[in-house]
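# no sequence on this one, just coordinates:
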């Protein structure tokens, strides 16, 4: 009997040890194991942080790239549904050779593209690295989405991230100190605030690059989701995704989402040159919520809705534009959370921003800041059930 008890005790100890090693019993609602995010990158500690609110929502964020890894929101049946694409371990996020991605990232210094990587500051032309069709995209090949933010979690619903980008980082001028503050509010809003200062004139354009799929099935294209964009105009692009400097009306084109409709109704209309260029939607819309140099974050700028789950996302922002990207370059080769292969059009990104290539288009809202000025931006994603 004593041997049996000792054997039982040994088995119990081994079980506890194995659970501790695997993070058993510590998984998030979305099924993530926080232990799979504990590592050191660039001599900085990387972790997974979990935010919750009184309604049961959960947001999981890693300070590697300030990335939103999972976001669980209630569907019409009251069940929590993860609505963002991503990976379930830090190794895939950090593997920029085999699994490069912007999934959920806090983008900087400059979200979107700068034409030929050329930037003028103080009358001088600065050559930035080119990493996308001959242009500088999302701050260059080692933008902030591939850096480790310092993280402080003051309470269960807030995460404060900060980063210091040195002068010459990806050849951008000025030492920039930036903050990203995630807050999960009691009324099911994922609130994101951005701040930045510089010691030399430079450009700043920060955003969140979450890939939203509200259907609950990320193995299928999300083109049955219904999109609304509060914008009468957009900035046309060329075949390398660079704006031509013009602002054109959406009316009479497949880019008209002033009346909400499902993506599948227009996303394949390659007779329209802009759809052909982008292989779907990858465009900047000029928001009606931005007037006289100021954005109104009390008015819905865009919304996304999945009829099958009833989940509705509403975006509010102080920014002048939103880049809507429909996962056109996803091809089923990348396997994300739970081993799911993400197909083309598996998601929709709603990236609040200054217009693409704004430094080279004086008629666009300016992205320049100088010493003594503070870049401030606010975007909120509100979730509800229809």
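Thanks, I have it. All values derive from a computational prediction rather than experimental measurement.

# Would you state the strands of the stretch 151-300 of the chain in chain order?
Ranges of strands within the stretch 151-300 of the chain are 158-165, 176-184, 189-198, 202-203, 207-209, 226-229, 231-235, 248-249, 261-262, 282-287, 290-291, 294-295, based on DSSP state E, counting those that start in this stretch.

# Given the last one, what are its sheet partners and their directions?
This points to strand 294-295. strand 290-291 (antiparallel) (DSSP bridges).

# on that earlier part again, now mean pLDDT and distance to residue 146 too, for the strands of the stretch 151-300 of the chain, in TSV please.
All C-beta atoms are positioned from the backbone trio N, CA, C, and that covers glycine. Shown next, in TSV, are those (pLDDT from 0 to 100; distance: least, C-beta to C-beta, whole Å):
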stretch	mean pLDDT	distance to residue 146
strand 158-165	98	11
strand 176-184	98	15
strand 189-198	98	18
strand 202-203	98	19
strand 207-209	98	12
strand 226-229	98	29
strand 231-235	98	27
strand 248-249	98	34
strand 261-262	98	35
strand 282-287	98	21
strand 290-291	98	30
strand 294-295	97	28
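
# Of these, which is nearest residue 123?
strand 202-203 (14.4 Å; C-beta to C-beta).

# which strands and helices sit next to the closest one?
Strand 202-203 sits against strand 118-121, strand 368-369, with contacts defined as 3 or more C-beta pairs under 8 Å, 6 or more residues apart in numbering; DSSP states H and E.

# What strands line up against it, and which way round?
Paired neighbours of strand 202-203 in the sheet (DSSP bridges): strand 368-369 (antiparallel).

# Present the strands of the stretch 151-300 of the chain as JSON lines; the columns should include distance to residue 76 and mean neighbour count.
Converted to JSON lines, the strands of the stretch 151-300 of the chain look like this (distance: least, C-beta to C-beta, whole Å; neighbours: other C-beta atoms under 10 Å):
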{"stretch": "strand 158-165", "distance to residue 76": "28", "mean neighbour count": "19"}
{"stretch": "strand 176-184", "distance to residue 76": "21", "mean neighbour count": "21"}
{"stretch": "strand 189-198", "distance to residue 76": "19", "mean neighbour count": "21"}
{"stretch": "strand 202-203", "distance to residue 76": "43", "mean neighbour count": "26"}
{"stretch": "strand 207-209", "distance to residue 76": "25", "mean neighbour count": "26"}
{"stretch": "strand 226-229", "distance to residue 76": "15", "mean neighbour count": "22"}
{"stretch": "strand 231-235", "distance to residue 76": "28", "mean neighbour count": "22"}
{"stretch": "strand 248-249", "distance to residue 76": "36", "mean neighbour count": "14"}
{"stretch": "strand 261-262", "distance to residue 76": "18", "mean neighbour count": "14"}
{"stretch": "strand 282-287", "distance to residue 76": "28", "mean neighbour count": "24"}
{"stretch": "strand 290-291", "distance to residue 76": "32", "mean neighbour count": "16"}
{"stretch": "strand 294-295", "distance to residue 76": "31", "mean neighbour count": "16"}
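
# nearest to residue 363, of these?
Closest to residue 363 of the strands of the stretch 151-300 of the chain, according to C-beta to C-beta: strand 231-235, at 10.2 Å.

# List of residues touching the closest one?
The contact list for strand 231-235 (C-beta atoms under 8 Å, 6 or more residues apart in numbering) reads 243-244, 246-251, 255, 257-258, 283-288, 301-302, 321-322, 355-356, 364.

# give me that answer again for 10 Å
The contact list for strand 231-235 (C-beta atoms under 10 Å, 6 or more residues apart in numbering) reads 242-251, 253, 255-258, 274, 283-290, 301-302, 320-324, 355-358, 361, 364.

# Now a ChimeraX select for only the buried ones of the residues you listed.
Entered in ChimeraX, the line below selects the buried ones among the contacts of strand 231-235, by 16 or more other C-beta atoms under 10 Å:
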select :242,243,247,250,253,255,256,257,274,283,284,285,286,287,289,290,301,302,320,321,322,323,324,355,356,357,358,361,364
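
# Ranking helices and strands of this protein by mean pLDDT, which lands last?
Sorting the helices and strands of the chain by mean pLDDT, DSSP states H and E puts helix 2-22 at the bottom, at a mean of 34.

# The very next helix or strand once past it - contacts with which helices or strands?
Using DSSP states H and E, the helix or strand that follows helix 2-22 towards the C-terminus is strand 39-41. Judged by 3 or more C-beta pairs under 10 Å, 6 or more residues apart in numbering; DSSP states H and E, the packing partners of strand 39-41 are strand 44-46, helix 90-94.

# centre of the chain versus the following helix or strand past the first one, how much separation?
Yep, that's strand 44-46 we're talking about. Once strand 44-46 ends, the next helix or strand along the chain (criterion: DSSP H and E) is strand 48-52. On the basis of C-alpha atoms, centre = their mean, to the nearest Å, strand 48-52 sits 16 Å off its chain's mean C-alpha point.

# which residues touch strand 48-52?
With C-beta under 10 Å, 6+ apart, strand 48-52 has contacts from 28-30, 32-38, 57-64, 67-72, 88-90, 151-153, 155-159, 161, 182-184, 190.

# how about a cut-off of 8 Å?
By C-beta under 8 Å, 6+ apart, strand 48-52 touches 28, 32, 34, 36-38, 58-63, 69, 151, 153, 156-159, 182-184.

# and the angle from that strand to strand 158-165?
Taking axes from the mean of the first three to the mean of the last three C-alpha atoms, to 10 degrees, one finds that strand 48-52 is oriented at 140 degrees with respect to strand 158-165.

# What pairs with strand 48-52, parallel or antiparallel?
strand 58-62 (antiparallel).

# Go ahead and name everything in contact with the partner strand.
Outside strand 58-62, the residues touching it (C-beta under 8 Å, 6+ apart) are 28-30, 32, 37, 46-52, 67-72, 80, 90, 93, 104, 159, 182, 184, 190.
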